[in-house]
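J.: Here is a sequence together with a model predicted from it:
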Amino acid sequence: MNFATAQAARRGISCQLASGIGFQRVRYRWSLLTACLLLVHFAIPPEHVVLCQEPTRIRLTDYTDRSGIDFTHTDGSSGGRYLVEPVASGMASFDYDLDGRVDVYFVNGAPLKGSKTTDVPTNMLYRNLGGFQFDSVTGPSGLGDASFGLGVVCGDYDNDGFDDVYLSNFGPNALYHNNGDGTFSSVENQPALTRGDKTGGGVCMLDIDADGNLDIYATNYIKFDYQIPPSNFRGRVVYGGPLLYPKETDNLIRNVGNGSFVDISDEAGIGGTPGWGMGTICFDFDQDGDTDIFVANDSMRNFLWQNDGRGKFTDAAVLSGVAYDHRGDPQGSMGVDMADVDGDLLPDLYQTAYTKQFATLYKNVGGGLFEDATQRMGAGVGTFYPVNWGTGFCDFDNDGDKDLFIAHGHIHDNMDDLDDTVSYKIANQVLENRAGRKFVDVTKSAGSGLQIVESSRAIAIDDLDIDGRPDVVILNSRTRANVLKNESETPGNWLFLQLVGTQCNRSAAGTRLIVRANSKAQMLEVHCGRGYQSHFGTRLHFGLGNAVAADSIEVHWHGGAKESFENVKANSLVLIRQGMPLLHMETSR
């Protein structure tokens with residue numbers, strides 16, 4: 001959005017300094033009144049609208065210098081302040097070589113028009129050596145893509161047992177086939193995969209029609225044009241936002257199953273609805289057995305593509321209650337994740353947003369309907385002033401409730417000179433889930449990893465040392481990534497469940513698990529793609545509290561098959577291969 005335009009002035013857009021990543025239809029006086037009421041209610045300084053910082057068992061320790069991960073992000077900036085710069089980039093965590101350890105892959109930018117650099121930055125892959133040590137294998141692996149990278153997703157598209165990598169770029173997208181020997185090869189001569197010369201966003205793999213093959217949903221952001229100038233505010237040049245650019249349609253790419261792909265966007269029903277797409281996640285929102293698609297759109301209503309089970313989609317966002325926030329306003333939507341936050345076995349959504357907006361918790365109330373439960377459950381505390389990007393649900397302390405990690409950082413590197421309520425660099429945030437009833441901000445008590453101040457973008461949450469405590473990796477714009485080791489105090493017991501489909505797609509994308517322990521039930525789905533243009537967490541994690549075993553595990557395989565297992569001992573990494581007995585794998589605890 002060009003907030004200096006006459007149209008924005010007439011609408012009375014709040015003085016959020018936003019270039020449009022966070023456009024909202026809220027008049028200045030309403031925004032001011034809201035902020036004042038919050039300050040009075042919480043009795044705290046305006047720069048941090050948060051509840052009191054409470055003690056917590058969660059400890060995320062900065063292990064960056066000890067990890068061996070030295071990735072440094074570039075946004076390709078040349079001084080032109082092109083909008084593709086501040087929205088880059090995503091990242092992934094996945095076990096590319098099937099050694100049982102989760103590896104880390106960073107997406108990178110590339111020099112843009114006018115750049116004078118001679119460097120050629122690339123995406124980077126770090127192999128997990130164990131003991132919380134990593135080593136770059138970018139060159140030998142063949143994953144050092146030098147395109148301007150935005151998003152990434154991993155999944156086994158050819159069902160050969162090894163996860164492949166699909167990249168969403170500024171420019172043609174790319175698919176890399178995992179050869180099974182530690183190397184990847186670019187998949188060529190498939191025009192549908194490149195989806196033309198577009199500006200990408202989040203990407204997901206899903207099986208749209210239960211044929212056992214992973215298809216691809218590629219979100220697109222804007223119809224970028226180098227000729228569109230940046231914006232000006234208070235005499236400073238700032239990034240212009242999406243409202244300066246035409247909307248772009250997304251792409252749905254069918255996996256034919258013989259190594260070929262076709263674009264079915266139009267016939268599937270999504271090709272005629274353009275948007276400004278960013279984060280996306282695929283999940284069964286209406287519990288009818290097929291996989292639907294949620295798209296977090298920037299500065300306009302979100303999409304919720306409802307699947308009829310045969311790969312035809314209709315947008316149910318408005319009717320379901322996830323198109324707008326509780327005021328009926330579109331948000332500057334960024335990242336998104338899904339989990340059951342209160343134990344009712346229904347999938348809830350959490351979506352991050354721009355400055356002067358709260359990140360939103362869409363609570364699933366059943367029947368395919370959601371309500372904005374952000375204020376009631378405290379899920380927006382501390383999110384109003386920062387720009388929120390990557391996010392993920394995770395039970396950091398293994399008490400059986402899904403907590404939240406939120407990455408913060410503004411798009412304007414000169415924001416500190418423009419607005420005293422928010423900064424370009426800011427600490428990230430942890431919201432602890434208290435028994436499914438309330439989220440509380442425990443950031444200041446959650447360890448040295450939450451004292452880092454950068455302008456963060458993507459995150460990945462996975463257990464990097466297989467000790468039962470999920471860790472966090474953070475991609476920071478224009479600087480080095482951070483690695484946070486989970487050293488939570490006296491954590492509860494846990495289970496990690498790795499699923500392998502045999503009748504359904506091998507990645508088990510779309511499969512739903514229900515774990516019961518100590519009269520408590522938890523639900524998760526397997527996602528290929530989530531957060532902010534990222535991929536993580538396909539190895540499902542369940543905190544069990546003081547339970548020494550899961551009473552039962554129900555597996556609802558994508559496609560309809562069901563299995564159940566009883567009395568599965570805690571503190572185990574368990575392989576569940578469709579139609580076969582459980583296999584307990586080695587862990588460090």
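T.: Yes, it's here. Numbers count the residues shown, from 1 in each chain.
J.: In contact with the residue nearest to G269 when sequence neighbours are not counted, which residues?
T.: The shortest distance from G269 to any non-neighbouring residue, by C-beta to C-beta, 6 or more residues apart in numbering, is to F313 (4.5 Å). The C-beta positions use only the backbone N, C-alpha and C, and glycine is treated the same way. By C-beta atoms under 8 Å, 6 or more residues apart in numbering, the residues touching F313 are 252, 268-270, 292-293, 305-307.
J.: Report the beta-bridge partner residues of F313.
T.: N307 (DSSP bridges).
J.: Give me the neighbour count for G235.
T.: 7 (other C-beta atoms under 10 Å).
J.: So the residue lying closest to R66 once chain neighbours are set aside versus A210, what's the distance?
T.: Distances taken as C-beta to C-beta, 6+ apart place F132 nearest to R66, at 7.0 Å, with adjacent residues excluded. For F132, the distance to A210 equals 39 Å [C-beta to C-beta, to the nearest Å].
J.: Neighbour count for these two, which is higher?
T.: Ranked by neighbour count (other C-beta under 10 Å), F132 and A210 place A210 first, with 21 against 17.
J.: neighbours of D135, just the number please.
T.: D135 has 12 nearby residues by other C-beta under 10 Å.
J.: what sits against it?
T.: 68, 126-127, 129.
J.: in the stretch 451-589 of the chain, what spans have low per-residue confidence?
T.: By pLDDT under 70, the low-scoring segments of the stretch 451-589 of the chain are 586, 588-589.
J.: can you map out the strands along it?
T.: Under the criterion DSSP state E, counting those that start in this stretch, the stretch 451-589 of the chain contains strands at 453-454, 456-462, 471-476, 482-486, 493-500, 512-517, 520-525, 540-545, 549-556, 562-569, 572-577, 583-585.
J.: Could I get the contacting residues of the nearest residue to L499 once chain neighbours are set aside?
T.: Spatial nearest neighbour of L499, excluding adjacent residues (C-beta to C-beta, 6+ apart): A508 at 3.8 Å. When contacts are counted by C-beta under 8 Å, 6+ apart, A508 is found next to 499-501, 526, 538, 557-558, 578.
J.: got it, and N173?
T.: Taking C-beta under 8 Å, 6+ apart, one finds 166-167, 193-195, 200, 203, 218 in contact with N173.
J.: If you rank those residues by neighbours, which is first?
T.: For the contacts of N173, the largest neighbour count, defined by other C-beta under 10 Å, is 33 neighbours, found at G200.
J.: wait, what's in contact with the residue nearest the centre of the chain?
T.: In the chain, the centroid-proximal residue (C-alpha atoms, centre = their mean) is G531; its distance is 0.4 Å. Counting by C-beta under 8 Å, 6+ apart, G531 makes contact with 90, 279, 335-337, 390-392, 458-460.
J.: Let's see if you can find the most crowded of these.
T.: Most neighbours among the contacts of G531, by other C-beta under 10 Å: G90, with 35 neighbours.
J.: circling back: my guess is the residue nearest to R66 contacts K485. True?
T.: Yes - assessed by C-beta atoms under 8 Å, F132 is found in contact with K485 at 6.1 Å.
J.: which neighbours do those two share?
T.: Jointly contacting F132 and K485 under the rule C-beta under 8 Å, 6+ apart are 63, 464-465.
J.: Next step: those restricted to helices.
T.: Of the shared contacts of F132 and K485, none are assigned to helices by DSSP state H.
J.: Top of the residues you listed by number of neighbours, please.
T.: Greatest neighbour count in the shared contacts of F132 and K485, by other C-beta under 10 Å, goes to L464: 30 neighbours.
J.: If we ignore the residues flanking it in sequence, what's nearest that residue?
T.: Using C-beta to C-beta, 6+ apart and skipping residues adjacent in sequence, the residue nearest L464 is D471, 4.5 Å away.
J.: who's the one you found bridged to?
T.: Beta-bridge partners recorded for D471 (DSSP bridges): D462.
J.: Same check on the one 5 residues further on?
T.: Assessed by DSSP bridges, N476 has beta-bridge partners S456.
J.: Check G275 too.
T.: Beta bridges link G275 to E248, judged by DSSP bridges.
J.: check contacts around it.
T.: For G275, the contacting residues are 247-250, 295, 297, 300, 303, by C-beta under 8 Å, 6+ apart.
J.: L167 now?
T.: Per C-beta under 8 Å, 6+ apart, neighbours of L167: 107, 123, 145, 147, 149, 151-152, 173-176, 203.
J.: next SSE after the host helix or strand of it?
T.: Using DSSP states H and E, L167 maps to strand 164-170. The C-terminal neighbour of strand 164-170 among helices and strands, as given by DSSP H and E, is strand 174-178.
J.: Could you list the residues in contact with that next one?
T.: Contact partners of strand 174-178, identified using C-beta under 8 Å, 6+ apart, comprise 96, 142-143, 145, 147, 156-158, 160, 162-167, 184-187, 190, 193-194.
J.: buried residues in it?
T.: 174-178 (16 or more other C-beta atoms under 10 Å).
J.: and what of stretch 578-589?
T.: By neighbour count on 16+ other C-beta under 10 Å, the buried set for stretch 578-589 is 578, 587.
J.: Now that stretch - C-alpha only, PDB.
T.: Output of stretch 578-589 as PDB, limited to C-alpha atoms (Å, rounded to 0.1, in the frame of the first residue of the first chain):
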ATOM      1  CA  GLN A 578       1.100 -47.800   7.300                       C
ATOM      2  CA  GLY A 579      -0.100 -51.300   7.800                       C
ATOM      3  CA  MET A 580       2.900 -52.400   9.800                       C
ATOM      4  CA  PRO A 581       3.900 -52.700  13.600                       C
ATOM      5  CA  LEU A 582       5.300 -49.800  15.400                       C
ATOM      6  CA  LEU A 583       9.100 -49.400  15.400                       C
ATOM      7  CA  HIS A 584      10.900 -47.600  18.300                       C
ATOM      8  CA  MET A 585      13.900 -45.600  17.100                       C
ATOM      9  CA  GLU A 586      17.000 -44.400  18.900                       C
ATOM     10  CA  THR A 587      16.900 -41.100  20.800                       C
ATOM     11  CA  SER A 588      19.300 -39.200  23.000                       C
ATOM     12  CA  ARG A 589      17.200 -39.600  26.100                       C
END
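J.: The stretch 51-200 of the chain: strands as residue ranges?
T.: Along the stretch 51-200 of the chain, the segments classed as strands by DSSP E, counting those that start in this stretch run 60-62, 91-94, 103-106, 124-130, 133-136, 148-155, 164-170, 174-178, 184-186, 200-206.
J.: closest to D225 out of these?
T.: When the strands of the stretch 51-200 of the chain are compared by C-beta to C-beta, strand 164-170 sits nearest D225, at 12.3 Å.
J.: Could you pull up the mean pLDDT of that closest one?
T.: The pLDDT scores in strand 164-170 average 98.
J.: Taking their axis directions, it and strand 200-206 sit at what angle?
T.: If you take axes from the mean of the first three to the mean of the last three C-alpha atoms, to 10 degrees, strand 164-170 sits at 160 degrees to strand 200-206.
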